[in-house]
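Asker: got a predicted structure plus its sequence, pasted below:
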Amino acid sequence: MSRTPKRDAPRNVILVGATSGIARPLGRRLVARGWNLVVTGRDAARLAPLADDLRVRGSGTVATLVFDPSDGAAVAGLFGAAAALLGAPLDGIIICHGTLPDESGALLDVGQTRDAIDTGFTSAAMVLAAAARALEDRPGAFLAAISSVAGDRGRQSNYTYGAAKAGLTAYLSGLRNRLHPRGVAVITVKPGIVRTPMTEGLAAARSPLATDADTVARDIERAILRRQDVLYTPWFWWPVMTVIGAIPEAIFKRLKL
Amino acid sequence: MSPAPQTLSGWGRFPVGDAVVATPADRAGMARVVEGDHGAGLIARGLGRAYGDSAFVAGGTVVETARIDRFRGFDPQSGLLDVEAGVSFAEIIALFLPRGWFLPTTPGTKYVTVGGAIAADVHGKNHHRHGSIGMFVERIDVMVADGTVVRCSRGENADLFHATLGGMGLTGMIMAACFRLVRVETSRVTVDYHRTADLEETLTVFESGDAGSEHSVAWIDCMASGRAMGRSVVMQGRNTPLGELSPEARRDPFGLPRKRVKSVPFTPPVGLLNSLSVRVFNEVFYAAHGNRRKVVDLDTFFYPLDSIRHWNRLYGPRGFIQYQAFFPRKSSLDGLRELLSTIVASGAASFLAVLKSCGPADGSMLSFLEPGHTLALDIPYRRGVIEALCGRLDRILLEHGGRLYLAKDALMDGTTFRAMYPRLDEFLAVKRRYDPAGLFASSQSRRLGITPA
């Protein structure tokens, strides 16, 4: 007989890209645990109602920070600014920002390619670099970032996005190797197709394999608590991507995936 | 790029219609939808629990409020909750019951949104005491046809407030609302069960017990005929105070049992709720509930059917309609008698039939309830047969000064509707003021002539 929410020792965490479709339900789950959050986004007008929502739902502190992850100076100052807002050192960061370029029509041009790599890889890697420096001496801390199953193998429908995510997956893998001896967890999150505003209107969002964002958020919450290395969410993407990864290139190049 | 239309229906799964569906995530996204071109019209949809055709518009656009679901603020002094339209009652309970707060009134399912609850001006088992949800609403933010958000309350833009409350989404998109939660000491209800022999006794039990009961409702056996017609199990309850809990229950006063949620996984090819199965159920239910007192949890008392997901599939592929009638106090007994005998004679099975006494009206222009009684029952849909039966029932309602609930209606005609809702012209004047081009429309509003067909 209980629905009294689960509480654990409050943690101080930065949620980057907090207005994204996956971060929204994830933030709600974390404040329900009593965690304190610094929620970041580029648009102050969208951040404020999100923070109000989290404050009603949770008991901890929720601070907002307007932050552009592609701005090097802002990234370098992120942890200092977040710690000042919470009045406490941070013990974790979750990176959720991202965009999905439309690669279903014409080939991307040079500028679009650069934007896709910059958002999907460069900005995330910069934030991770700042996070690693801020958290390397805090055993028990964690760094989580949303990569994608698209990074497991380049496919014609989203190889630029996939390449950026492949880079991010490799970066996270190396960082995990580096930080493991310091007791800091690095969590690679690989969602499949998720129904969010980012995928709205795409044919993929109507696929039977598509999942709602709250299911993915629940898996991420659990992976963070368990300090899991790599999370495929939902779970069936692990066997799916294993099969896709095993197809010989000579055959793969003829497929329409 | 306009996405492909989807086939939608209400909870009764009759009728159905095709509409384009949009799911904006914020006010800017909603404004973009409102500014678009929408064919037959534009209507909001929450969790789709209205039974008939009020939350879709065939040939138009349906705006789901699923992502307009943020809490905006809560004042623990006054209990005033400020929320966006897509927040569900289930979510409010999950968040606020552990803090000692509950909904001021609630329909028989918690899977409704705040926006839908206000648009249908929902009522619950405490209507006889407190009226419908509108009595607790302080203000509503409505996005009207020009894309601006108008704040309305009893003091500010009162015309829009009284038209939007119970206005079935036809004045604009309800974006957010502020309403009062009420304090509870526990998650339990102390219920007195009272078995009655006929309709007259049921109404007498309401009469004598309602004043002292926070919640009151009767399950009525719609298959019983002759002298037993209207026999019921009346349930009168009050929120259980902390002091009445056992010492072990007191350790978790707001806990709720974790129920195994059962589900109807697919629609059976024929409805399983027919006159035989319902007759057996009714006999067993009536026999099982003697006169006694029992402490039950809130989920069991308020939301018995929420424990069976997709229960509406039990009526089979043709669906069902729910008929909810209101009679003013002076004609209740005669009206209900005539209604029940017509239903019994028709042989139309009703699994879920609920009778309830009603209290104060809340001043909304399309207000459904006022002092009197309301009877709600399910009828499996059978083409032709149901139209004829409901036509007869509508005439009984009209003869006794009654009316039909818009959140359940699927079949009524415009002339009947007009006769039942005397403040319709006042409502239409407000609608014209905020929606001069008639953008907001549902399949129901077109059928009833509230908007052009």
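Answerer: Cool, the structure landed.
Asker: where does the stretch 301-450 of chain B have low pLDDT?
Answerer: Applying pLDDT under 70 to the stretch 301-450 of chain B flags the ranges B:349, B:351.
Asker: just the closest residue of it to chain A, please.
Answerer: B:Tyr303 (13.8 Å; CB to the nearest CB). (C-beta placed from N, C-alpha, C; glycine too.)
Asker: quick one: contacts for that residue?
Answerer: Taking CB atoms under 8 Å, 6 or more residues apart in numbering or on different chains as the contact definition, B:Tyr303 lies against B:108-110.
Asker: among these, who's most crowded?
Answerer: When the contacts of B:Tyr303 are compared by neighbour count (other CB atoms under 10 Å in any protein chain shown), B:Lys110 ends up highest, at 21 neighbours.
Asker: isn't it right next to B:Phe302, touching?
Answerer: Yes: assessed by CB atoms under 8 Å, B:Lys110 is found in contact with B:Phe302 at 7.4 Å.
Asker: check which helix or strand covers residue 83.
Answerer: All of this refers to chain A. A:Ala83 is located in helix A:78-86, with elements delineated by DSSP states H and E.
Asker: if you could check chain B rather than the one you did, that'd help
Answerer: Assigned by DSSP H and E, B:Val83 belongs to strand B:80-84.
Asker: so which bits of whichever helix or strand comes after that strand are buried?
Answerer: Downstream of strand B:80-84, the next assigned helix or strand under DSSP H and E is helix B:89-96. Across helix B:89-96, burial judged by 16 or more other CB atoms under 10 Å in any protein chain shown covers B:89-96.
Asker: so which of these are also by chain A?
Answerer: Among the buried residues of helix B:89-96, the residues lying close to chain A (CB under 8 Å from any CB of the partner chain) are B:94-95.
Asker: rebuild the buried residues of helix B:89-96 as CSV, extending it with pLDDT.
Answerer: Shown next, in CSV, are the buried residues of helix B:89-96 (pLDDT from 0 to 100):
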residue, pLDDT
B:Phe89, 98
B:Ala90, 97
B:Glu91, 97
B:Ile92, 98
B:Ile93, 98
B:Ala94, 95
B:Leu95, 96
B:Phe96, 97
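Asker: closest to A:Tyr159 out of the buried residues of helix B:89-96?
Answerer: The closest of the buried residues of helix B:89-96 to A:Tyr159 turns out to be B:Glu91 (CB to CB; 39.4 Å).
Asker: report pLDDT for the residue lying closest to that closest one once chain neighbours are set aside.
Answerer: Nearest in space to B:Glu91, with sequence neighbours left out and distances taken as CB to CB, 6 or more residues apart in numbering or on different chains, is B:Asp69 at 7.7 Å. B:Asp69 is assigned 96 on the pLDDT scale.
Asker: how many residues are close by B:Asp69?
Answerer: Residues lying near B:Asp69 (other CB under 10 Å) number 21.
Asker: can you pull out the strands in chain A?
Answerer: With strands called from DSSP state E, chain A shows them at A:12-16, A:36-41, A:62-66, A:92-95, A:142-146, A:185-191, A:194-195, A:211-212, A:230-233.
Asker: spatially central residue in the chain, please.
Answerer: Assuming you mean chain A. Compute the mean C-alpha point of chain A, and by CA atoms, centre = their mean the closest residue is A:Ile146, 2.7 Å away.
Asker: that was the other one, I meant chain B.
Answerer: Nearest to the mean C-alpha position of chain B, by CA atoms, centre = their mean, lies B:Val122 at 4.9 Å.
Asker: kindly confirm my reading that that one is in a strand.
Answerer: No: under DSSP: H, G, I helix; E, B strand; the rest coil, B:Val122 sits outside any strand and is assigned coil.
Asker: leaving out chain neighbours, which residue sits closest to it?
Answerer: Residue nearest to B:Val122 in three dimensions, not counting chain neighbours: B:Pro107, with 4.5 Å by CB to CB, 6+ apart.
Asker: name the helix or strand for that neighbour, please.
Answerer: Using DSSP H and E, B:Pro107 sits in no helix or strand.
Asker: how near is it to chain A?
Answerer: Between B:Pro107 and chain A the distance is 21 Å, computed by CB to the nearest CB, to the nearest Å.
Asker: can I assume A:Leu90 is in contact with A:Ile14?
Answerer: Yes: A:Leu90 is within contact range of A:Ile14, at 6.1 Å (criterion: CB under 8 Å).
Asker: re the thing from before, list phi and psi for the residue nearest to the centre of chain B.
Answerer: phi -60, psi 150 (degrees, to the nearest 10).
Asker: go ahead and confirm it touches B:Pro104.
Answerer: No: at 10.9 Å, B:Val122 does not count as touching B:Pro104 under the criterion of CB under 8 Å.
Asker: quickly list what's touching both of those two.
Answerer: Shared contacts of B:Val122 and B:Pro104, counting by CB under 8 Å, 6+ apart, come down to B:Ile133.
Asker: and the angle for the helix holding A:Ala83 with strand A:62-66?
Answerer: Relative orientation of helix A:78-86 versus strand A:62-66 (axes from the mean of the first three to the mean of the last three CA atoms, to 10 degrees): 140 degrees.
Asker: may I have helix A:78-86 as CSV, with CA atoms only?
Answerer: Extracted C-alpha coordinates of helix A:78-86, given in CSV (Å, rounded to 0.1, in the frame of the first residue of the first chain):
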residue,chain,number,x,y,z
LEU,A,78,28.9,26.2,-17.2
PHE,A,79,29.9,24.4,-14.0
GLY,A,80,30.8,27.6,-12.1
ALA,A,81,27.5,29.2,-13.1
ALA,A,82,25.5,26.1,-12.1
ALA,A,83,27.2,25.7,-8.8
ALA,A,84,26.6,29.3,-8.0
LEU,A,85,22.9,28.9,-8.8
LEU,A,86,22.5,25.8,-6.5
